[in-house]
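[1] Next come a sequence and a model predicted from it.
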Amino acid sequence: ASDVDAGDALAEADIYIAYGRFPQAIDLLSNALVNEPGNAAYRLKLLELYAETGDQAAARGQFEELRSIGDEASLERAEAVLADLGQEEQAGTDDSRRFIQSEPEAEASAAPEQAPPADLLAESDTPLEADFSGLEIEEAAATESAPPEDLDLTADFAGSELAQGEEEDLVIAAESNGLSTKLDLARAYLDMGDEDGARQILEEVIAEGGDELKAEAGALLERIG
């Protein structure tokens, strides 16, 4: 019965969200959490709502509750939401400053940029001919350098080793992306003034990350002191 109720509460919250009624959705989920404080789905949805409405402190509070619950999937999603929230606010501040500073220059240079120079258009035919001639040269070179048939088995073996190496690279890249998200989250925590939360995440990155991520995390830890 609790699963049905949970589904109903989330579905009703989604309806409120679809119509932009965020306060009602927040009230609904907050009331639902009174009866089910350990429901990770409620807390994740509430965190997303607080992030959408710009309430950083409340979103961070829900993240700490999710960390206590220990639901890994919800934690990963929550980390991504908070990291995006921090990046968007920083980007918005930077964009506003750049717009104020560059607005007169943009107005002065708008007219020359509306039409490309005529001589640039006239030269656009030449690279097409160069591309075709280059293609013929590459095909001839490939024919001349084709390996003998008796090397096919060696080539297949080398190809399998290359494929295995690519799979390992993909695994490493996936792990690095997860740690990069944590690094972004730590930056967002610093922007919000939560040094303890940032320090905890940075220590995880240093323990699990590669040299580049360790260096970035170490630099942020030095900022905290």
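    Received it, and whenever you're ready, just let me know what you need. Numbering: from 1, shown residues only.

[2] Phi first, then psi, for Thr71.
    Not quite, residue 71 is Asp, not Thr. phi -80, psi 110 (degrees, to the nearest 10).

[3] what residues are up against it?
    By CB atoms under 8 Å, 6 or more residues apart in numbering, the contact set of Asp71 is Ala40. To be clear about C-beta, it is placed using only N, CA and C from the backbone, and glycine gets the same treatment.

[4] ok, now how distant is it from Arg77?
    Relative to Arg77, Asp71 is positioned 10 Å away (CB to CB, to the nearest Å).

[5] For Glu222, see how far away Asp27 is.
    Relative to Glu222, Asp27 is positioned 43 Å away (CB to CB).

[6] Of those two, which one has the most company?
    Taking other CB atoms under 10 Å, Asp27 and Glu222 do not tie; Asp27 has more neighbours (13 against 8).

[7] Quick one: residues contacting Leu10.
    Applying CB under 8 Å, 6+ apart, we find Leu10 in contact with Ala41, Tyr42, Lys45.

[8] most surrounded residue in those?
    Neighbour counts for the contacts of Leu10, by other CB under 10 Å, peak at Tyr42, which reaches 25 neighbours.

[9] CA-only coordinates of the helix or strand where it lies in CSV, if you can.
    Per DSSP states H and E: Tyr42 is located in helix 40-53. Only the C-alpha atoms of helix 40-53 are listed here, as CSV (Å, rounded to 0.1, in the frame of the first residue of the first chain):
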residue,chain,number,x,y,z
ALA,A,40,14.6,8.7,-1.4
ALA,A,41,12.3,9.4,-4.3
TYR,A,42,10.4,12.1,-2.4
ARG,A,43,13.6,13.8,-1.3
LEU,A,44,15.2,13.7,-4.8
LYS,A,45,12.1,15.2,-6.3
LEU,A,46,12.0,17.9,-3.6
LEU,A,47,15.7,18.6,-4.2
GLU,A,48,15.0,19.1,-7.9
LEU,A,49,12.2,21.5,-7.1
TYR,A,50,14.3,23.6,-4.7
ALA,A,51,17.0,23.7,-7.4
GLU,A,52,14.5,24.8,-10.0
THR,A,53,13.2,27.6,-7.7
